[in-house]
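Colleague: Only the shape, not the letters, is given here:
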């Protein structure tokens, strides 16, 4: 074991520490979600993300019990909203952590010590807690090589989503994706890594999705999914089918489907992704904050 891995191992949380965490039962996840309804839409990211897991639990309780765990530092989580969400599949381990207030900074720092840094592949966190999370990761032996993949979070209310106009295109059938489309979606996914095929499969099976299929050939030409973060994601149009408005067409379909489920719409966009920025801003989306991804494999990749 090299020095860096030794430092990380020495700082790993003991089993007794983990046992002091408070597990939030699935039937109370909605209470935690609703804490983030305060000061709307600033808490939209965690609200919508938690809601996605609530919907997953209603569709496949056994899978949710097996793969998802939400914990907090004490039983006052309805007050401070501090949580650690572990989405731990057979292929990857993603952690989400948040707090809805800055008044409990010491408790939030304690919560960070409960993260399983040895096991996890990614940690996702918001702009409001970014400084604290980065500092903890560095103190735990993880030198951050870059700025943790910042993405702007864009927001559109359900009321505004319902105002969007769907323009039909006679050349394409717009319908939900199927599990037969998993391989195609992954093949064009820019950020694919360990476990991405399984996550795409889970998203297609349980979340809202739309694909544009060429009427004559049945080819899947473009697609969009509601991802595991509760955000519009995986948006892609194959090169031969661009400049036909398919991206906008699919996003509008998904926004309206979300609105009909009484949900607002969110999307993560890189600052450098000018076409996506123009599309979402044209539809009325507004940037509300940055979110960040700590991807552990980057630390050990030269």
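Modeller: Good, I have the coordinates. Bear in mind that the values here come from a model prediction, so they are computed numbers and not experimental data.
Colleague: how far is stretch 230-249 from where the chain is centred?
Modeller: Distance of stretch 230-249 from its chain centroid, counting by CA atoms, centre = their mean, to the nearest Å, is 19 Å.
Colleague: residues of it that come out buried?
Modeller: Of all the residues in stretch 230-249, those buried under the rule 16 or more other CB atoms under 10 Å are 230-238, 241, 244, 246-249. Every residue, glycine included, has its C-beta placed from N, CA and C.
Colleague: And stretch 32-44, by the same measure?
Modeller: Buried residues in stretch 32-44 (16+ other CB under 10 Å): 32, 33, 35, 36, 41, 42, 43, 44.
Colleague: Farthest-apart pair in these, please.
Modeller: The span of these, defined through CB to CB, is set by 32 and 41 at 17.4 Å.
Colleague: And the helices in this protein, which stretches?
Modeller: 3-10, 15-19, 29-35, 44-59, 61-67, 77-80, 105-113, 130-139, 158-163, 182-187, 196-206, 246-260, 274-282 (DSSP state H).
Colleague: weakest of those in terms of mean pLDDT?
Modeller: Of all the helices of the chain, the minimum mean pLDDT falls on helix 3-10 (a mean of 38).
Colleague: longest single strand anywhere in this structure?
Modeller: Counting by DSSP state E, the longest strand found in the chain is strand 286-295.
Colleague: Could you report the neighbour count for residue 190?
Modeller: 6 (other CB atoms under 10 Å).
Colleague: how close does the nearest residue to residue 50 once chain neighbours are set aside sit to residue 97?
Modeller: Nearest residue to residue 50, sequence neighbours excluded (CB to CB, 6 or more residues apart in numbering): residue 33, at 3.9 Å. Taking CB to CB, to the nearest Å as the measure, residue 33 falls 15 Å from residue 97.
Colleague: Please apply the same query to residue 105.
Modeller: Distance from residue 105 to residue 97, by CB to CB: 13 Å.
Colleague: So those two - more neighbours on which side?
Modeller: Between residue 105 and residue 97, counted using other CB under 10 Å, residue 97 has the larger neighbour count: 23 against 12.
Colleague: Just confirm that one contacts residue 133, I think it does.
Modeller: Yes - the pair residue 97 and residue 133 passes the contact test of CB atoms under 8 Å, sitting 7.0 Å apart.
Colleague: any shared contact partners between the two?
Modeller: 112, 123, 125 (CB atoms under 8 Å, 6 or more residues apart in numbering).
Colleague: Which of those residues are buried? Put it as a PyMOL command.
Modeller: Selection command for PyMOL covering only the buried members of the shared contacts of residue 97 and residue 133, criterion 16+ other CB under 10 Å:
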select buried, resi 112+123+125
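Colleague: partner residues bridging the closest residue to residue 41 other than its chain neighbours?
Modeller: Excluding the flanking residues, the one nearest residue 41 by CB to CB, 6+ apart is residue 155, at 5.0 Å. Applying DSSP bridges to residue 155 yields these beta-bridge partners: residue 266, residue 286.
Colleague: Now do the same contact list for residue 155.
Modeller: 41, 44, 264, 265, 266, 285, 286, 287, 288.
Colleague: Now with 7 Å, please.
Modeller: 41, 44, 264, 266, 285, 286, 288 (CB atoms under 7 Å, 6 or more residues apart in numbering).
Colleague: my guess is the second one contacts residue 264, does it?
Modeller: Yes - if you go by CB atoms under 7 Å, residue 44 and residue 264 touch, sitting 6.3 Å apart.
Colleague: Next one, pLDDT for residue 191 please.
Modeller: pLDDT, residue 191: 87.
Colleague: what's the spacing between it and residue 255?
Modeller: For residue 191, the distance to residue 255 - CB to CB - is 22 Å.
Colleague: Those two: who's more crowded?
Modeller: Using other CB under 10 Å, the more surrounded residue of residue 191 and residue 255 is residue 255, with 30 against 10.
Colleague: and the closest residue in space to that one that isn't next to it in sequence, how many neighbours does it have?
Modeller: Excluding its sequence neighbours, the residue lying closest to residue 255 (CB to CB, 6+ apart) is residue 161, at 3.9 Å. Here the count is done by other CB under 10 Å, and residue 161 has 23 residues near it.
Colleague: what does residue 140 give?
Modeller: Residue 140 has 16 nearby residues by other CB under 10 Å.
Colleague: One more: residue 225?
Modeller: Residue 225: 26 neighbours (other CB under 10 Å).
Colleague: pretty sure it contacts residue 203?
Modeller: Yes - contact criterion CB under 7 Å: residue 225 and residue 203 qualify, at 5.0 Å.
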